[in-house]
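In: could you work out the structure for the sequence below:
(chains A and B)
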Amino acid sequence: MNKKFILYAVLLAFSVAAPFLFPNYQTQLATLWLMIIVALTWDMTGGQMGYNSLGNIFFYGTGMYVCAVITIGLYYDVGEWTNASRTEIFTFSDRQYFTGMVLGILGAGLFCAASAYFIGMLTFGLRGPYFAIGTLGVAIAAGEIVSNIEWLGGGQGVSMPIYNGDFDTFKTLIYFEYAILGVGLFVFLNWLYKTRFGAAINAIRDDEEKAEAMGIHTLRYKLVTWAMSAFFVGAAGAISAFQLIHFEPLETAYQTINLGIFMVVCVLLGGKGTLWGPVIGAIMFQVFKETTWNYFLGWQWVALGALIVIVVVFFQDGLMGWLRLKRPEWFGVKVEQKTSEAGA
Amino acid sequence: MNNIIEVTGVSKSYGGVKANSNVSLSVEKGGITGLIGPNGSGKTTMFNSIVGYHPIDEGSIKYDGQEISKMQVPQIARLGMLRTFQQTRIYGAMNCVENMLISLPHRKMNLWDALKRNTREDHERAGHLLEFVGLYEKRYLRSGSLSFGQQKLLEFAMALMNEPTVLLLDEPTAGINPTLINGLIDRLRRANTEFGITLFIIEHNMRVIMNMADKIYCLAHGEMLAEGKPEDIQDDQRVIDAYLGAH
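Out: The predicted structure follows:
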């Protein structure tokens, strides 16, 4: 227990120090936290509950838009702000900027949690691959719908208010927002997975029919899990909106083929259904991605495709799953000495 | 109200196949009731109808006086009526203790309770019941790696963990070796007497069911063929014909 505490303390200290130790990599480190957040949240339904959603990117994009509407709408008319031919100049004071930021991030999280609950009522009747395709459809449709709403800037997207201070401070600020959200999520999940709730969603993953037959409130737990996961994705999307300053619907907000798939790959790399798997997977993936995008430009998608194929064919359970197979005693699997009368 | 389950005139067909036609039966509270019949006679269909697994075509099913034929599986389970499966269903990736703890009765649990950790008493009860079925030493093994017979015992222990009022057991002794069967019969009896659980059992092993049940129903071709005390059923020519294949 003590060893664990030291490990967590070291990791936390490193997370705090990282942007100052590697000032040139602040954006990459911030993106790493984003990957950790989306991987951990994807694993809540995909790994722990057995519902592989391809539509979690919906909450990321919706989080961005909800945050933009709240932040801007607090002080200006959103329609005028997003109007492409506007001539008026809008400014945000520091106080307005930070009030908008906090409310925008929280509001985005809450809105996404509520929308997950309602979308879940429609989609949780679907099982297996049908759920994956159904949720993917929701994300794609949302991108198309939003890109046709003029009030939200249409296909051009939305520009967020700009921070008044210098750019380096801004980058550090964004890093710590992601980091706080990420650490908060990790602590939350570390607690949640040890509760009866965590056990119940594992039961749904392993055998939903059995769970129903045992009287577990399966639909309720599924909806609540997805809503909790959507809260964090939505908040992360909101932070991304501030980080990117300008975003547009199809390529940035509802980016189904980029981040929407990356989050799944992260979890598969690290190991589904474990607490550390998605974190480790996100780090591995981010290193892989930055390397190939920098040194094999033009081939990066081929390399990514090859990685996915290798993982899916040879390491289906990811790094943590492989460890569990090789070193079961690390995970508390053991037989006690006394032989059982049921030893047949 | 002496009958906890009251089935009246239930019919269920799958396409053209009449799995149950106009079946009526009742299960007495606190007793052990048996359901026998040749393969394909509609026993499991009857169980599925009772626990709400599929809608019935006609008839009525009452649990403790309450009509349940339109209710959903988890709702019925939360009333206190549980079933085990013919092919065991356990959570294979988890160890036995985890399997037990998941089976805590959710009927009393709201979302707030669910967000708590399992208490020391929960762990003790899980250990106690695993001891009861003889799986205590294997409690930290992945339940999927247990033998079929052990998985059946685990499933039985999980059902007990849920503190049911009625337990519907679909062939509890199938696939269990003969020496273990005696132990299992004893444990089923004790579940009935010590924990006061009403049992309704589908069973092919005549020695087992004739020994245990107070009352036996026999289905054949989806229809109720005979009912009565074990001795009467044993001597019933129609039952013997049905099992030996004469028509």
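In: how much space between the residue most central in space within chain A and residue A:260?
Out: Centroid check for chain A by Cα atoms, centre = their mean gives residue A:38 as the closest residue, at 1.5 Å. Residue A:38 sits 9 Å away from residue A:260, going by Cβ to Cβ, to the nearest Å. C-beta coordinates here come from the backbone N, C-alpha and C atoms, glycine included.
In: do residue A:273 as well
Out: From residue A:273 across to residue A:260, the span is 20 Å (Cβ to Cβ).
In: now the stretch 151-300 of chain A against chain B: closest residue?
Out: For the stretch 151-300 of chain A and chain B, the shortest gap (Cβ to the nearest Cβ) falls at residue A:215, measuring 3.2 Å.
In: and what about that residue, helix, strand or coil?
Out: When classified by DSSP: H, G, I helix; E, B strand; the rest coil, residue A:215 comes out as coil.
In: could I get the full set of helices for the chain?
Out: By default, I'm working from chain A. Assigned by DSSP state H, chain A shows helices spanning A:2-21, A:26-46, A:57-73, A:78-82, A:94-123, A:129-146, A:167-192, A:196-206, A:208-213, A:218-244, A:259-270, A:276-295, A:300-314, A:318-326.
In: to clarify, I was referring to chain B.
Out: Counting by DSSP H, residue ranges of the helices within chain B are B:43-50, B:73-79, B:96-102, B:111-114, B:120-133, B:148-161, B:178-193, B:206-212, B:230-235, B:237-244.
In: out of the ones you listed, flag the one nearest residue A:219.
Out: Residue A:219 sits nearest to helix B:73-79 of all the helices of chain B, at 8.2 Å, using Cβ to Cβ.
In: does chain A sit close to stretch B:143-158?
Out: Yes. Counting by Cβ under 8 Å from any Cβ of the partner chain, chain A is contacted by stretch B:143-158 at B:147, B:149-150, B:153, B:158.
In: and residue B:161, what does it touch?
Out: Residue B:161 sits next to B:100-101, B:103-105, B:125-126, B:129 when contact means Cβ atoms under 8 Å, 6 or more residues apart in numbering or on different chains.
In: tell me, which of those make contact with chain A?
Out: Near chain A, by the rule Cβ under 8 Å from any Cβ, you find B:101, B:103-105 out of those.
In: okay, buried residues for stretch B:110-128 please.
Out: Of the residues in stretch B:110-128, B:114, B:118, B:122, B:125-126 count as buried by neighbour count, 16 or more other Cβ atoms under 10 Å in any protein chain shown.
In: any chance of those residues in a markdown table, plus pLDDT?
Out: Output for those, formatted as a markdown table (pLDDT from 0 to 100):
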| residue | pLDDT |
| --- | --- |
| B:114 | 85 |
| B:118 | 87 |
| B:122 | 91 |
| B:125 | 92 |
| B:126 | 93 |
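In: hey, what's residue B:226 bridged with?
Out: Taking DSSP bridges as the rule, residue B:226 bridges to residue B:218.
In: hmm, it is touching residue B:237, no?
Out: No. Between residue B:226 and residue B:237 there is no contact under Cβ atoms under 8 Å: 9.5 Å.
In: higher neighbour count, these two?
Out: The residue with more neighbours, out of residue B:226 and residue B:237, is residue B:226; 18 against 9, by other Cβ atoms under 10 Å in any protein chain shown.
In: ok, back up a step: tell me, what's touching residue A:38 and residue A:260 both at once?
Out: Shared contacts of residue A:38 and residue A:260, counting by Cβ under 8 Å, 6+ apart, come down to A:56, A:60.
In: circling back to that earlier point, which of the helices of chain A is buried the deepest?
Out: Of the helices of chain A, the one with the most neighbours on average (mean count of other Cβ atoms under 10 Å in any protein chain shown) is helix A:57-73, at a mean of 27.
In: who are the packing partners of it?
Out: When contacts are defined as 3 or more Cβ pairs under 8 Å, 6 or more residues apart in numbering or on different chains; DSSP states H and E, helix A:57-73 sits against helix A:78-82, helix A:94-123, helix A:129-146, strand A:158-159, helix A:218-244, helix A:259-270.
In: turn these into a markdown table, columns for distance to residue B:242 and mean pLDDT.
Out: Conversion of the helices and strands packed on helix A:57-73 to a markdown table gives the following (distance: least, Cβ to Cβ, whole Å; pLDDT from 0 to 100):
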| stretch | distance to residue B:242 | mean pLDDT |
| --- | --- | --- |
| helix A:78-82 | 75 | 86 |
| helix A:94-123 | 47 | 95 |
| helix A:129-146 | 42 | 94 |
| strand A:158-159 | 74 | 91 |
| helix A:218-244 | 39 | 96 |
| helix A:259-270 | 53 | 92 |
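In: just send these back as TSV, with distance to chain B too.
Out: Formatted as TSV, the helices and strands packed on helix A:57-73 follow (distance: least, Cβ to the nearest Cβ, whole Å):
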stretch	distance to chain B
helix A:78-82	35
helix A:94-123	13
helix A:129-146	19
strand A:158-159	36
helix A:218-244	6
helix A:259-270	16
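In: columns distance to residue B:193 on top of the ones you listed, output as a markdown table?
Out: Conversion of the helices and strands packed on helix A:57-73 to a markdown table gives the following (distance: least, Cβ to Cβ, whole Å):
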| stretch | distance to residue B:193 |
| --- | --- |
| helix A:78-82 | 71 |
| helix A:94-123 | 44 |
| helix A:129-146 | 45 |
| strand A:158-159 | 70 |
| helix A:218-244 | 33 |
| helix A:259-270 | 49 |
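In: out of those, nearest to residue A:309?
Out: Across the helices and strands packed on helix A:57-73, closest to residue A:309 is helix A:259-270 (Cβ to Cβ), at 11.0 Å.
In: measure how the closest one sits relative to helix A:129-146, angle-wise.
Out: 150 degrees (axes from the mean of the first three to the mean of the last three Cα atoms, to 10 degrees).
In: any idea how far the closest residue to residue A:159 other than its chain neighbours lies from residue A:66?
Out: Among residues not flanking residue A:159 along the chain, residue A:246 sits closest, at 4.6 Å (Cβ to Cβ, 6 or more residues apart in numbering or on different chains). Distance of residue A:246 to residue A:66, given as Cβ to Cβ: 17 Å.
In: repeat for residue B:194
Out: Distance, residue B:194 to residue A:66, using Cβ to Cβ: 57 Å.
In: try residue A:37
Out: According to Cβ to Cβ, residue A:37 and residue A:66 sit 17 Å apart.
In: just residue A:81 next, same as before
Out: 15 Å.
In: can you check residue A:215 too?
Out: Distance of residue A:215 to residue A:66, computed by Cβ to Cβ: 37 Å.
In: mind giving me the domain split of chain B?
Out: B:1-80+B:164-247, B:91-163 (automatic domain parsing).
In: out of those, nearest to residue A:155?
Out: Each of these has some distance to residue A:155 by Cβ to Cβ; the shortest is domain B:91-163, at 41.2 Å.
In: closest point of chain B to chain A, which residue?
Out: For chain B and chain A, the shortest gap (Cβ to the nearest Cβ) falls at residue B:77, measuring 3.2 Å.
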